[in-house]
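Student: whatever this is, show me its structure:
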Amino acid sequence: QLQLVESGGGSVEPGGSLRLSCTASGFLLAYYSITWFRQAPGKEHEILSCVTGRGNTYYADSVKGRFTISRGNANNTVYLQMNSLKPEDTAVYYCSAKSVNYCPPGPISSSDWWGSGTLVAVSS
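Tutor: Okay, the predicted model is just below:
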């Protein structure tokens, strides 16, 4: 079965950290550009970060310097390390895959695959 699964979300206090994982089954992430995006209640989705198969990365201004995307090709996973979390980072976080070699890879709706999301809640 071909799918993407996000994990690693949870509740954290402001200033805390979480590491999200995006794991694929049925296809190799190394051949795709992988994007992390989020959607908060009542808001449009926001593209956060992307990594190409060659390792080129993109970060939105809202997370630059706080979030880091990386590949774990050995376990077919892409990670999003999130540090210095803020209450405004609260959202459902998703990953998507598109068979291109540039970032960001265009609209999320044009992705080949995306997961069902993992919830991140930042509050004191």
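
Student: and the host helix or strand of Y58, what's buried?
Tutor: Y58 is part of strand 57-59 when elements are defined by DSSP states H and E. By 16 or more other C-beta atoms under 10 Å, the buried positions in strand 57-59 come out as Y58, Y59. Yep, even glycine has a C-beta here, placed from its N, CA and C like the rest.

Student: also stretch 13-28?
Tutor: Going by 16+ other C-beta under 10 Å, stretch 13-28 has these buried residues: L18, L20, S21, C22, T23, A24, F27.

Student: the last one touches L2, doesn't it?
Tutor: What it means is F27. Yes - with contact defined as C-beta atoms under 8 Å, F27 counts as touching L2 (5.7 Å).

Student: what touches both of the two?
Tutor: W113 (C-beta atoms under 8 Å, 6 or more residues apart in numbering).

Student: related to what we said a few turns ago, I'd like the next helix or strand past the strand holding Y58.
Tutor: Going down the chain from strand 57-59, the next helix or strand is strand 67-72, by DSSP H and E.

Student: what is that following strand packed up against?
Tutor: strand 33-39, strand 46-51, strand 57-59, strand 77-82 (3 or more C-beta pairs under 8 Å, 6 or more residues apart in numbering; DSSP states H and E).

Student: residues in contact with the shortest one: which ones?
Tutor: Under the criterion C-beta under 8 Å, 6+ apart, residues L48, S49, C50, V51, F67, I69, C103, P104 lie in contact with strand 57-59.

Student: closest one of the residues you listed to G10?
Tutor: Nearest to G10, judged by C-beta to C-beta, of the contacts of strand 57-59 is F67 at 15.9 Å.

Student: related to what we said a few turns ago, make JSON lines from the helices and strands packed on strand 67-72 and add mean pLDDT and distance to S96 to it.
Tutor: As requested, the helices and strands packed on strand 67-72 are exported to JSON lines (pLDDT from 0 to 100; distance: least, C-beta to C-beta, whole Å):
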{"stretch": "strand 33-39", "mean pLDDT": "97", "distance to S96": "5"}
{"stretch": "strand 46-51", "mean pLDDT": "97", "distance to S96": "9"}
{"stretch": "strand 57-59", "mean pLDDT": "97", "distance to S96": "13"}
{"stretch": "strand 77-82", "mean pLDDT": "98", "distance to S96": "10"}
